[in-house]
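A.B. asks: got a predicted structure here, sequence first:
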Amino acid sequence: MGSFFAGIKAGTLAGIVYVGGIAIFNVVLLYALQPSALNAISTTFPQLCPLPGNSTASASSCFQSVLAVDVPFNAFVAFFIALGYSGVFGLYYDSLPSRGPMVRGLIFAAIIGANLVFFGFSGYVFDTESAAATAVMMLLWTPFLGYLLGTLYKKYTRLVEFSSPDTNLLRVYVDGRDATGRARTFATTSNHRLRAEAAEDASFKEWEASAGITLDDSRSFETTMEVGADGKVLGKVVPKY
């Protein structure tokens, strides 16, 4: 598991840049291929946009409506799709196969890009030329989203390792999940519940935390941990007999 909040925070900035770039590209593409776009608009919405030969003004008005309404609407929906997946990215960050943040970001960027294309929010495609241009744009631009996601998530989180001198005698739980012998990412300055579960023939002694990790009570088997920097937490235990 990772940090859903940090994923959302990273996805907000990364999503704005990513979706904003797509929207700008769509506007440029529509103007560059305006005759084909007008024809496609007229064919798709005949009741609103007659063919240019019959009513150029109506078709032109509809073209401006696509620029002013459809492109921003697509960008709005695309942003929230990216934001939702960014939260999932943060939540399952520690479970992803790669250890590198940017590679993990690329995995989710590919998922986000595929969803935008599948649901039709990657751009206004009206002919083979616009379809090819949009496909190239998505292939080149989506990896940048992955880079931003991974980089920003790493910036907004800290890595904490949890260990026990004897895993048979003591297990370390964070927010109700077993984290013994694992490293997990947490949002900077976030608070988490730390609990030690000792075996029947052992007793919890104390917590030992490195600088940057603040504990409410290092002597209590259950306490609150505040994450300020990368660090380590060790749960000490002594046998009863």
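C.D. replies: Okay, I see it.
A.B. asks: show me the contacts for the spatially most central residue of the chain.
C.D. replies: The centre of the chain sits closest to S86, judged by CA atoms, centre = their mean, with a distance of 1.8 Å. The contact partners of S86, by CB atoms under 8 Å, 6 or more residues apart in numbering, come to G7, I8, A10, G11, T12, A14, G15, F108, I112, L149. All C-beta spots, glycine's among them, are computed from the backbone N, C-alpha and C.
A.B. asks: which helix or strand contains the first one?
C.D. replies: Assignment of secondary structure by DSSP states H and E places G7 within helix 4-32.
A.B. asks: which strands or helices does the helix or strand that comes right after that helix pack on?
C.D. replies: For helix 4-32, the following helix or strand on the C-terminal side (DSSP H and E) is helix 34-44. Counting by 3 or more CB pairs under 8 Å, 6 or more residues apart in numbering; DSSP states H and E, the packing neighbours recorded for helix 34-44 are helix 56-65, helix 128-156.
A.B. asks: and the shortest one, average pLDDT?
C.D. replies: Right, the one you point to is helix 56-65. If you average the pLDDT over helix 56-65, you get 68.
A.B. asks: hmm, back to that, which one of the helices and strands packed on helix 34-44 lies nearest to P97?
C.D. replies: helix 128-156 (13.8 Å; CB to CB).
A.B. asks: strand partners (parallel or antiparallel) of the next helix or strand after that closest one?
C.D. replies: Using DSSP H and E, the helix or strand that follows helix 128-156 in sequence is strand 157-163. Applying DSSP bridges, strand 157-163 is found paired with strand 182-187 (antiparallel), strand 231-239 (parallel).
A.B. asks: out of these, which is closest to S164?
C.D. replies: Going by CB to CB, the one of those nearest S164 is strand 231-239, 5.2 Å.
A.B. asks: winner for burial among the strands paired with strand 157-163?
C.D. replies: strand 182-187 (a mean of 20; mean count of other CB atoms under 10 Å).
A.B. asks: next, the angle helix 128-156 makes with it.
C.D. replies: Here strand 182-187 points in a direction 100 degrees away from that of helix 128-156 (axes from the mean of the first three to the mean of the last three CA atoms, to 10 degrees).
A.B. asks: so what touches the helix or strand just after strand 182-187?
C.D. replies: Counting by DSSP H and E, the next helix or strand C-terminal to strand 182-187 is strand 191-198. By CB under 8 Å, 6+ apart, the residues outside strand 191-198 that reach it are 169-176, 186, 204, 207, 215, 221-227, 233, 235, 237.
A.B. asks: do that again at 7 Å, thanks
C.D. replies: Residues from elsewhere that reach strand 191-198 (CB atoms under 7 Å, 6 or more residues apart in numbering): 169-175, 186, 204, 221-226, 233, 235, 237.
A.B. asks: and it, average pLDDT?
C.D. replies: 95.
A.B. asks: adjacent strands (with direction) for it?
C.D. replies: strand 170-174 (antiparallel), strand 222-227 (antiparallel).
A.B. asks: can I see the domain layout of this protein?
C.D. replies: Domain segmentation of the chain under automatic domain parsing yields 4-156, 164-239.
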